[in-house]
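Enquirer: no sequence for this one, just the structure:
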C-alpha cells in the first residue's frame, strides 16, 4: 500500500472484510497527508481507543456491526481534526451523544451541522475516490438535502462512498435549496440552513435491512406454547397439577388485557414492549412455582431462585422504563418542532416584507428576486408539512389515549366479572401480613434511594401502588391487588395488630415509624420472658431456657409470668389497666362452664393463663391506642391544612400547620424547620415526616392539653 503512493490523502478500504483496525494504524500513520479514510461495509465492531496519531478529517465506518456508542466514542474523540463522520449506531440517542461530544464535527452521516460546512463536504465528496488503493472510481457529488418528511430510498451511486449505496442511504430527490446570502430575515446570518439540516429526514440515516430486528405486533401461538411448556415443567417439580385450571384462568386474563393494550397502541415497539411485559408476568408465575416447591428440599436454593426471579423481573421493568423514556424524548422533539415552525413563519413574514420593500425601491434584481421566492416557497412547504405532522401526531395520540381509556374501562368490567385468580382475590391473614412486610421492606429501600437522589419520600399509600406496579405492571392487576389488600386490612384489623397499624399508616392516622415501636415492644416482651424463666430456674442451661421460651410463645403464659412482665414494663396506673384488660380477654376466651357433679380440680393459675399471642396483642393494642391519643389533635390539624387530602403538604401548608401547633414560632424558626424537613425544596412534606420532625412540638402541645384538662 505504501509502495503505491505514501503521500495519498485518501484511502478507501470498503468491502475488504476488515474486522480490526488496530493492525492498520501503524501503516496509516506513515501516510502524513492522509485526511480521508473509508471503511464502509466491513466487519469492524469497535475502534482503537487511541487514534490521535492520525490526522483524519473524514471517516466513514458506516455499515459495520458496531454494537453501540461505547465501542467507538473513545477512538472518535481522539481524532482531533475529524470534521465529517459516517457511522451506524443502534440508537438515535447514541448519534446525538456523538454530535454533542465531537464539537469539531461539521457533518454527520451526510447532514450538515454548521452553516458553512456544505462547501467543505462537497469538496470532499467531489474528489475522485478509488474503490481500492490505486483503483480510481468517480464518486458523485453530495445530493441536495431532502425536505422534511421525505423517506430515503435506495438509489445507485448515492452515498458517502463510491459504488452502489445500500438501501436507505440515498436522500430523496427534493430540489436543492439555495443558501441565502444577500437576503436575511434579521441582522446577521439567516438560520434557514441550520433549520433545513436539523429536520432533513433520512439524510445519513440508515434504513432497516433484511434480518434486522422486527418488533412483534401480537401474541402468537408459539408464545402461548412457550408459557405452557414452562408451566408444565414447573408443575413437574412441584407436583401441584390441581392448580392448572387456576393458571389457565390467570393466563386468559393476562392475554385478554394484553390484546386490549395492543389495540390502543400504534407504535410497534410499544406493542413489543407490552408483549414482553406479559411474558415476564407469566414466566415469573412459573418461576415462583418452582421456587416454592424447591423450598421443601433446599431452602437456600429456593431463596436463590426467588432472588433470581426478582432480578430478572427488575431487568425487564427497566426496559419498560426505557420505552417510556423514548416516548418522552419524542414529545420533546415535538415541542422543538413547534418552536421551529414558529420561527419559520416569522421568517416568511420578514422575507415578504423585505420583498415588498425592494419592489417599492424600483424592484429587485432578477437573481435576488428568484432567491427570495425560492426561500419563501421552501418555507411555506416546510410550514405545511410541519402543520400536517403536528396534526397527525396529536390526533393519533388523542385517539390512542381514548382507546386505552375505553378499553381499560371495559377490561375492568370484564375482570370484575371473571373468576381468574387476579380478580376478586381474597387474602388470608398470613398472605396479607407477608405482603405488608414486603411493602415495608421495599419502602425502606425506596426511602434510602429518595434520600440519595434528593427526591421527596412517598407516603405509604403512594408506595403501595409503586410496589404493586413494580411487581405486576398491568393496570388491572395493580387495582385488583390494591383492592384485595384494602379489603384484607378492613377484615383483619380487629384481629391482628400488625394489620391495624398498617391500615392506620395508609390512612395517615399514625406515622410510619410507629411500626418500629411495635417491633421493639415484641422483642422486649420476648427478652423479659427469657429473663423471667432464667431467673426462676437458674440451673437450666441456655438451650433449655430457649426451649422453655419457645414453648411459652407457642402456647400459654402463666398468670405470674405475664403479670411480672406487665409490672416491669409499665408504671402502676398503666399496669393496672393492662392487667384488667388481660383478665377480660381470658374471660372472653374461656367462658365459665356450668358446674358438674364432680369437683373441678383445675388449678387457679391455669384458669388465669393466656395465649402468648393474645397477651402480646393486648400490649400492642394498648401501645397503639396511646399513640393515637398522642397524635389525635395533630391528625385533625394536619387534615385541616392538607387541601387535597393526600397526606402531603407544601411549604405554605406546612407553615400554617406549624403556626397552628405553636403560634409563638418566629419566621426564622419556621424557616429553620423547613430547611431541616425539606432541605431540597421539593415542596412535598408527608405526614410521617411532620410527626418525626415536630416531635418536640407535639410533646409540648400534649402537655398543654393535659394542663388545660386538669384546670377544668
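Expert: Yep, it's here. Because the structure is predicted, anything quoted here is derived from the model rather than measured.
Enquirer: measure residue 586 to residue 657 for me?
Expert: Separation of residue 586 from residue 657 (Cβ to Cβ, to the nearest Å): 44 Å. C-betas here are computed from N, CA, C, even on glycine.
Enquirer: sorry, that was for residue 427
Expert: Distance from residue 427 to residue 657, by Cβ to Cβ: 36 Å.
Enquirer: just residue 563 next, same as before
Expert: From residue 563 to residue 657 the distance is 43 Å (Cβ to Cβ).
Enquirer: Equivalent analysis for residue 282, please.
Expert: From residue 282 to residue 657 the distance is 47 Å (Cβ to Cβ).
Enquirer: Over to residue 86. Which of the three states is it?
Expert: Recorded secondary structure, residue 86: strand (DSSP: H, G, I helix; E, B strand; the rest coil).
Enquirer: That one against residue 62, yeah?
Expert: Yes - assessed by Cβ atoms under 8 Å, residue 86 is found in contact with residue 62 at 4.3 Å.
Enquirer: remind me which residues of the stretch 351-500 of the chain are low pLDDT?
Expert: Applying pLDDT under 70 to the stretch 351-500 of the chain picks out residues 355-373, 375-376, 379-424.
Enquirer: What segments of it are strands?
Expert: Counting by DSSP state E, counting those that start in this stretch, the stretch 351-500 of the chain forms no strands at all.
Enquirer: any chance you could map the helices in it?
Expert: For the stretch 351-500 of the chain, applying DSSP state H, counting those that start in this stretch gives helices covering 366-417, 429-452, 460-472, 475-492, 497-506.
Enquirer: who's in contact with the third one?
Expert: By Cβ atoms under 8 Å, 6 or more residues apart in numbering, the list of residues contacting helix 460-472 from outside reads 281, 313-314, 317, 438-439, 442-443, 446, 458, 477-478, 481-482, 485, 502, 505-506, 508, 512, 646-647, 688.
Enquirer: now the second one
Expert: Under the criterion Cβ under 8 Å, 6+ apart, residues 427, 455-458, 460, 463-464, 466-467, 470, 485, 488-489, 492, 495-496, 498-499, 502, 512, 515 lie in contact with helix 429-452.
Enquirer: Next: the shortest one.
Expert: Defining contact as Cβ under 8 Å, 6+ apart, one finds that helix 497-506 is touched by 429, 432-433, 436, 439, 460-461, 464, 486, 488-490, 492-494, 510-512, 514-515, 518, 617, 620-621, 624, 628, 688.
Enquirer: can we see that at 6 Å?
Expert: For helix 497-506, the surrounding residues in contact (Cβ atoms under 6 Å, 6 or more residues apart in numbering) are 433, 436, 460-461, 489, 492-493, 510, 512, 515, 617, 620-621.
Enquirer: do stretch 28-42 as well
Expert: 2, 6-7, 9-15, 18, 53-54, 56-64, 161.
Enquirer: one more time with 8 Å, if that's ok
Expert: 2, 6-19, 21, 53-64, 81, 86, 124, 127, 129, 160-161, 166.
Enquirer: and the contacts of helix 460-472, which are buried?
Expert: 281, 313, 317, 439, 442-443, 446, 458, 477-478, 481, 485, 502, 505-506, 508, 512, 647, 688 (16 or more other Cβ atoms under 10 Å).
Enquirer: before we move on, back to that, for ChimeraX, write the selection for the buried entries among the contacts of helix 429-452.
Expert: Buried residues among the contacts of helix 429-452 (16+ other Cβ under 10 Å), as a ChimeraX selection:
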select :427,456,457,458,460,463,464,466,467,485,488,489,492,496,498,499,502,512,515
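Enquirer: Please verify my assumption that residue 73 contacts residue 98.
Expert: Yes - in this structure, residue 73 is within contact of residue 98 by Cβ under 8 Å, at 6.9 Å.
Enquirer: Could I get the buried residue list for stretch 14-30?
Expert: Of the residues in stretch 14-30, those buried (16+ other Cβ under 10 Å) are 14, 18, 21, 24, 28.
Enquirer: what is the mean pLDDT for the helix or strand containing the last one?
Expert: Applying DSSP states H and E as the criterion places residue 28 in helix 25-29. Mean pLDDT, taken over the full extent of helix 25-29, equals 86.
Enquirer: How many residues are close by residue 651?
Expert: When neighbours are counted by other Cβ atoms under 10 Å, residue 651 registers 17.
Enquirer: My read is that it contacts residue 678, right?
Expert: Yes - if you go by Cβ under 8 Å, residue 651 and residue 678 touch, sitting 7.0 Å apart.
Enquirer: Can you pull the residues that touch both of these two?
Expert: In contact with both residue 651 and residue 678: residue 685, using Cβ under 8 Å, 6+ apart.
Enquirer: that older thread, are any of the contacts of stretch 28-42 buried, and which?
Expert: 8, 10-14, 18, 21, 54-64, 86, 124, 129, 160-161, 166.
Enquirer: Looking at these, which are in strands?
Expert: Secondary structure assignment (DSSP state E) places 10, 11, 12, 58, 59, 60, 61, 86 from these within strands.
Enquirer: of all those residues, which comes closest to residue 569?
Expert: residue 61 (75.0 Å; Cβ to Cβ).
Enquirer: So the closest one versus residue 351, what's the distance?
Expert: 40 Å.
Enquirer: Residue 332 versus residue 103, what's the distance?
Expert: 22 Å.
Enquirer: So the two - more neighbours on which side?
Expert: The neighbour count for residue 103 versus residue 332, taken as other Cβ under 10 Å, is higher for residue 332 (10 against 7).
Enquirer: Which element, helix or strand, includes the more buried one?
Expert: Going by DSSP H and E, residue 332 is in helix 299-360.
Enquirer: how many degrees apart are that helix and helix 460-472 in direction?
Expert: 100 degrees (axes from the mean of the first three to the mean of the last three Cα atoms, to 10 degrees).
Enquirer: helices or strands up against helix 299-360?
Expert: Here helix 299-360 touches helix 192-198, helix 268-294, helix 366-417, helix 460-472, going by 3 or more Cβ pairs under 8 Å, 6 or more residues apart in numbering; DSSP states H and E.
Enquirer: Identify all contacting residues around stretch 510-527.
Expert: Applying Cβ under 8 Å, 6+ apart, the set of residues contacting stretch 510-527 is 440, 443, 460, 497-498, 501-502, 504-505, 549, 553, 565, 569, 616, 619-620, 623-624, 627-628, 631, 687-688, 691-692.
Enquirer: From these, keep the buried residues only.
Expert: Applying 16+ other Cβ under 10 Å to these flags 440, 443, 460, 497-498, 501-502, 504-505, 549, 553, 565, 616, 619-620, 623-624, 627, 631, 687-688, 691 as buried.
Enquirer: ok, now which ones touch the residue nearest to residue 694 when sequence neighbours are not counted?
Expert: Excluding the flanking residues, the one nearest residue 694 by Cβ to Cβ, 6 or more residues apart in numbering is residue 661, at 6.8 Å. Contacts for residue 661 were tallied using Cβ under 8 Å, 6+ apart; they are 634, 637, 694, 697, 698, 701.
Enquirer: Look up how far residue 696 lies from residue 661.
Expert: Distance from residue 661 to residue 696, by Cβ to Cβ: 11 Å.
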